[in-house]
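>>> I would like to see how this sequence folds:
(one chain, ligands or ions: 1)
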Amino acid sequence: MGLKVYVNGELHEKQDARISVYDHGLLYGDGVFEGIRAYNGRIFRCKEHIDRLFASARAIALTMPMSKQEVTEAIRYTLDANGLSDAYIRLVVTRGVGTLGLDPYKCRDPQVIIITDSIALYPPQYYENGLELVTVSTVRNHPNAINPRIKSLNYLNNILAKIECIQAGLTEAIMLNKEGYVAECTGDNIFVVKDGRLMTPPVHAGILEGITRQVVMELAGQAGMEALERDMTRFDLYVADECFLTGTAAEIIPVVRIDSRQVGDGRPGPVTLKLLEMFRSQTTNSAG
Ligand code: PXG
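Numbers count the residues shown, from 1 in each chain. Just a heads-up that it's a prediction; the model follows:
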């Protein structure tokens, strides 16, 4: 039996799981999503992901057709039906079927889709040798246009930045906000270590409030490190002792080169590696 996908309360074989071409999720990118992981059968930071999904939906005036508890149970149900204990969970809520016009109020039936699949892990050399990043010219969405705090189905801002870095031969891009401050990468938050302190851009810089970012700030506190949210320019990245990215898929990935400048000594740094070790012990033990 193949993979089963949850669509509005029912499981379908992957190839039979479908939604309408009149769904505004497709026609307008009108909807929200989450990317979640399960480790050893446990849904990592489940409450935080569900809360963020509901906040994203509220922000775009999409009334969720299920309660938080029902969504959580549906994720569990889908994982169990697929016999998955280590998994990537893609939770998608579309505005639903409407007319060929923008009006979201004509869409009466939001679609809830849950895909659970095996995780495409990043190659181990990313963790061993670190990543190279480049700052791209695509500016991160202005919070008063589409707030990056909304994890919406419209990811074109990030995709345009991704195209730029792939064309430069790299896999991840640094996006600045309209003021020129560092915001985040296309699918990851960014941190630097400077003089023993951890720094990451604040939410007002125009970022997704990453759940891995939050976990890392907690871990830094446990390790007795100061973790600060600070407006940063590229200068702060260039002079950092260490740099790393955080995200559900990436966990914590060291960064060793930015805009052709070596970061620190050009190797994944001790603070980054310590936080990665702490993070991995959270996901392998029961605490997550
Ligand atoms: N910034 C952006 C723009 C993201 O999309 C993060 C930061 C990190 O957030 P979390 O909560 O994951 O720590 C993200 C996360 C995918 C995929 O399949 C994307 C994300 C996460 C998981 C899967 O594209 N983005």
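>>> Report the contact partners of Ala205.
The contact partners of Ala205, by CB atoms under 8 Å, 6 or more residues apart in numbering, come to 177, 181-184, 231. Backbone N, C-alpha and C define where each C-beta goes, glycine included.
>>> what do you get for Leu27?
By CB under 8 Å, 6+ apart, the neighbours of Leu27 are 21, 98, 100.
>>> 10 Å instead?
With CB atoms under 10 Å, 6 or more residues apart in numbering as the criterion, the residues that contact Leu27 are 20-21, 94-95, 97-102, 107.
>>> rewinding a little: narrow the contacts of Ala205 to just the buried residues.
The neighbour-count criterion (16 or more other CB atoms under 10 Å) marks 177, 181-184 among the contacts of Ala205 as buried.
>>> Pull the most distant pair out of those residues.
Tyr181 and Glu184 (10.8 Å; CB to CB).
>>> Now list whatever residues contact both of those two.
Common contacts of Tyr181 and Glu184 (CB under 10 Å, 6+ apart): 140, 201, 205-206.
>>> Which of these sits closest to Ala220?
Looking across the shared contacts of Tyr181 and Glu184 and measuring by CB to CB, the closest to Ala220 is Pro201, at 15.3 Å.
>>> tally of neighbours for the closest one?
25 (other CB atoms under 10 Å).
>>> Is it in contact with Leu208, as I believe?
No - under the criterion of CB atoms under 10 Å, Pro201 makes no contact with Leu208, lying 11.0 Å away.
>>> Common neighbours of those two, please.
Common neighbours of Pro201 and Leu208 (CB under 10 Å, 6+ apart) are 140, 183-184, 189.
>>> Kindly present those as JSON lines, with separate columns for secondary structure and distance to the ligand.
Formatted as JSON lines, those follow (DSSP: H, G, I helix; E, B strand; the rest coil; distance: CB to the nearest ligand atom, whole Å):
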{"residue": "Arg140", "secondary structure": "coil", "distance to the ligand": "9"}
{"residue": "Ala183", "secondary structure": "strand", "distance to the ligand": "9"}
{"residue": "Glu184", "secondary structure": "strand", "distance to the ligand": "5"}
{"residue": "Asn189", "secondary structure": "strand", "distance to the ligand": "5"}
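>>> Leu219 - that's part of a helix, no?
Yes - secondary structure of Leu219 (DSSP: H, G, I helix; E, B strand; the rest coil): part of a helix.
>>> That one against Thr283, yeah?
No - in this structure Leu219 lies outside contact range of Thr283 using CB under 10 Å: 11.6 Å.
>>> These two: who's more crowded?
Taking neighbours as other CB under 10 Å, Leu219 and Thr283 compare with Leu219 leading, 21 against 18.
>>> Please tell me how far the residue lying closest to the more buried one once chain neighbours are set aside sits from Gly224.
Spatial nearest neighbour of Leu219, excluding adjacent residues (CB to CB, 6 or more residues apart in numbering): Met278 at 4.7 Å. Here Met278 is placed at a distance of 12 Å from Gly224 (CB to CB, to the nearest Å).
>>> Report the set of residues contacting both of the two.
Counting by CB under 10 Å, 6+ apart, nothing touches both Met278 and Gly224.
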